[in-house]
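**Student:** Requesting a structural model of the entry that follows:
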Amino acid sequence: MKYIDKILNKITMYRIVLYELLFLVGAAVVLAVFGLLPYSPMSIILSATFITVICWVINKIFAKIFEAPSNPESTYITALILALIISPASGFADMGFFILAFWASALAVASKYILAIGKKHVFNPAAIAVVITAFALNQSASWWVGTAAMLPFVLVGGLLIVRKVQRTDLVWGFTMAALITTLVLSAMHGSNVVSTAQKIILSSPLIFFATIMLTEPLTSPPTIPLQMTYGIIVGILFAPAIHIGSIYSTPELALVVGNIFSYIVSPKKKLVLKLKEVRQISSDSYDFVFTPDKPLSFRPGQYMEWTLGHDKSDSRGLRRYFTLASSPTEKELRMGVKFYPDGSSFKKSLISMQAGDKIVATGLAGDFVLPKDKNEKLVFLAGGIGITPFRSMIQYLLDNGEKREVALLYSNKKISDVAYRETFDLAEKNLGIKTVYAATSPEENISSSPNFVRRIDEKTISEKVPDYRERIFYLSGPRGMVDAFDDTLRKMGVGKKQIKKDFFPGFV
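**Tutor:** Numbers count the residues shown, from 1 in each chain. The predicted structure follows:
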């Protein structure tokens, strides 16, 4: 699994979804060649091509009208989802397909711009499109991807997506709710429960829907408890026997209702930010300070999705997730970024930004925040640029003069890699926060540097934080480092509930 994670960490969440959808279309074509699907290979190719072209054209038009950055990844993902849920054309004369596919494609893309609040779309684009066509044209999605022949391909790719975005709780809550509701209603109507279970698992879009559509971060709630509730609501409505009068629930309708719940409990904002300044905060990390076009209310430690349009984007795309390094008490928004020699096109474009240039941020989310109980004893354990959520939290404590029992353990290769040190030194002086830095490179001379150790290990933790069993540990940094510290703490007797790990989709 570590090898898989290493690969996943190099690809953004959106690219993984895009690759999985392309893989599914390709698999469908191959299965059709062998007669394992009730469509011809050419009909699948024709349908996918037509829908993709319409989505691309409509997106270009709306992006120009609304003067918004055109995001090809999002457009292609929406198009391929529609291609996998709308029955392929039987031929060039199949006007029923072309009418449905045209309007579904146009509505899906348009919904991102028109059905938006605060410049942020509320509904899953593909879902809202087929809901509208169902009522307006009396034509809707067949969800043909939900077949036994396609299931192995859907399952493998879907599990990779869920692992990447870390939405296991959401998917699990939805799946259990959908299965239980369907089986209970089946039993009430006297149907065979076993055959019903086989049908919903093997011959329905359950897995595709759960792993690809439900997990979309921008239309789902930001925290785990809300995500679980969201999944359960959508799962209950996913059961086909649920209806109000003559209107029966469908997967797309269930998701749209869930999107409304998501917006109510976590209103979304889309910010356009102007670059104010860039400061170098370590040997290879920079602090980007932006002025937002509107105020943002957030909790220290939360993250956002950042979109930076640029030409010739590489496989890692136009979007990234970064923690807000700023405190809610500050007017500007800060983003701490580490740069590598083989950096992505996104980061190359980012470091080339000039004062006044714009970037878009949306999708505020995250559970990695300070506990409400101010008497909780805490340990912040960071590696590299994983220090950003702790800069947000500690700056917040400084600005409010709020003293808490906090120990900061911060690991880097070199002394010069330490970021935001002035903030942490000030917190140590004014708030009594214990600060311990580690420089793991043997070439670094730490003997003359106060607060420095060679590494943060079991010995360092027990010596510097002797009451560690009474504390809550916050871990942030590269996934491998976080997992290693998690193992160390568990061996030291720290309970699972005492360990909080930072995560946001697409950590690269």
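
**Student:** give me the number of residues near Thr211?
**Tutor:** Around Thr211 there are 25 other residues, counting by other Cβ atoms under 10 Å. Bear in mind the C-beta positions are built from the backbone N, C-alpha and C, glycine included.

**Student:** Show residues contacting the longest helix along the chain.
**Tutor:** When the chain is parsed with DSSP state H, its longest helix is helix 41-65. Here helix 41-65 makes contact (Cβ atoms under 8 Å, 6 or more residues apart in numbering) with 25, 28-30, 32-33, 37, 68-72, 75-76, 78-80, 82-83, 86, 88-92, 97-98, 101-102, 104-106, 108-110, 112-113.

**Student:** cool, and stretch 21-30?
**Tutor:** With Cβ under 8 Å, 6+ apart, stretch 21-30 has contacts from 37, 39, 41, 44-45, 48, 76-77, 80-81, 83-84, 145, 150, 153-154, 157, 212.

**Student:** Sitting in helices, which of the contacts of helix 41-65 do you find?
**Tutor:** Those of the contacts of helix 41-65 lying in helices (DSSP H): 25, 28-30, 32-33, 72, 75-76, 78-80, 82-83, 97-98, 101-102, 104-106, 108-110, 112-113.

**Student:** quick one: buried residues of stretch 135-153?
**Tutor:** By neighbour count on 16 or more other Cβ atoms under 10 Å, the buried set for stretch 135-153 is Gln139, Ser140, Ala141, Trp143, Trp144, Val145, Gly146, Thr147, Ala149, Met150, Leu151, Phe153.

**Student:** and what of stretch 346-353?
**Tutor:** In stretch 346-353, counting by 16+ other Cβ under 10 Å, buried: Phe346, Lys347, Ser349, Leu350, Met353.

**Student:** Compute the mean per-residue pLDDT across that stretch, please.
**Tutor:** The average pLDDT for stretch 346-353 rounds to 94.

**Student:** now it: how far from the chain's centre is it?
**Tutor:** Remark: stretch 346-353 is offset 22 Å from the chain centroid, using Cα atoms, centre = their mean, to the nearest Å.

**Student:** CA atoms only for it - export them in PDB, please.
**Tutor:** The C-alpha trace of stretch 346-353 is given here as PDB (Å, rounded to 0.1, in the frame of the first residue of the first chain):
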ATOM      1  CA  PHE A 346       1.200  24.800 -11.000                       C
ATOM      2  CA  LYS A 347       4.100  25.700  -8.700                       C
ATOM      3  CA  LYS A 348       6.200  27.200 -11.400                       C
ATOM      4  CA  SER A 349       3.300  29.400 -12.300                       C
ATOM      5  CA  LEU A 350       2.700  30.200  -8.700                       C
ATOM      6  CA  ILE A 351       6.300  31.300  -8.000                       C
ATOM      7  CA  SER A 352       6.100  33.500 -11.100                       C
ATOM      8  CA  MET A 353       3.100  35.500  -9.800                       C
END
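
**Student:** Please name the strands paired to the longest strand seen in the chain in the sheet, noting orientation.
**Tutor:** What stands out as the longest strand in the chain, according to DSSP state E, is strand 270-280. In the sheet, strand 270-280 lines up against strand 285-292 (antiparallel), strand 358-365 (antiparallel) (DSSP bridges).

**Student:** Not counting its own residues, what contacts it?
**Tutor:** Residues outside strand 270-280 that contact it (Cβ under 8 Å, 6+ apart): 116, 118-120, 286-294, 296, 304, 332-333, 351, 353-362.

**Student:** Check those for burial and list the buried ones.
**Tutor:** For those, a neighbour count by 16+ other Cβ under 10 Å gives the buried set as 116, 119-120, 286-290, 296, 304, 333, 353, 359-362.

**Student:** following the helix or strand hosting Val154, which helix or strand shows up next?
**Tutor:** Using DSSP states H and E, Val154 maps to helix 151-165. Going down the chain from helix 151-165, the next helix or strand is helix 168-188, by DSSP H and E.

**Student:** still on that earlier bit, filter the contacts of helix 41-65 down to the buried ones and hand me the ChimeraX line.
**Tutor:** In ChimeraX syntax, the buried subset of those is picked out as below (16+ other Cβ under 10 Å):
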select :25,28,29,32,37,68,71,75,76,78,79,80,82,83,86,88,89,97,98,101,104,105,106,108,109,110,112,113
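
**Student:** Show me how far stretch 486-499 is from its chain's centre.
**Tutor:** From the chain centre to the centre of stretch 486-499 is a distance of 26 Å (Cα atoms, centre = their mean).

**Student:** quick revisit: could you dump the buried residues of stretch 135-153 into a markdown table and include secondary structure?
**Tutor:** Formatted as a markdown table, these follow (DSSP: H, G, I helix; E, B strand; the rest coil):
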| residue | secondary structure |
| --- | --- |
| Gln139 | coil |
| Ser140 | coil |
| Ala141 | coil |
| Trp143 | coil |
| Trp144 | coil |
| Val145 | coil |
| Gly146 | coil |
| Thr147 | coil |
| Ala149 | coil |
| Met150 | coil |
| Leu151 | helix |
| Phe153 | helix |
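
**Student:** Adding pLDDT, write those out as JSON lines.
**Tutor:** Output for these, formatted as JSON lines (pLDDT from 0 to 100):
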{"residue": "Gln139", "pLDDT": "92"}
{"residue": "Ser140", "pLDDT": "88"}
{"residue": "Ala141", "pLDDT": "95"}
{"residue": "Trp143", "pLDDT": "97"}
{"residue": "Trp144", "pLDDT": "97"}
{"residue": "Val145", "pLDDT": "98"}
{"residue": "Gly146", "pLDDT": "96"}
{"residue": "Thr147", "pLDDT": "95"}
{"residue": "Ala149", "pLDDT": "97"}
{"residue": "Met150", "pLDDT": "98"}
{"residue": "Leu151", "pLDDT": "97"}
{"residue": "Phe153", "pLDDT": "97"}
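
**Student:** Quick check: of those residues, which lies closest to Thr196?
**Tutor:** For the buried residues of stretch 135-153, the residue nearest Thr196 by Cβ to Cβ is Gly146; the value is 14.6 Å.

**Student:** Show me the shaky parts of the stretch 151-300 of the chain.
**Tutor:** The model of the stretch 151-300 of the chain has pLDDT under 70 over residues 267.

**Student:** quick one on the thing from earlier: what are the buried residues along the helix holding Val154?
**Tutor:** Residues of helix 151-165 classed as buried: Leu151, Phe153, Val154, Gly157, Gly158, Leu160, Ile161, Val162, Arg163, Lys164, Val165 (neighbour count, 16+ other Cβ under 10 Å).
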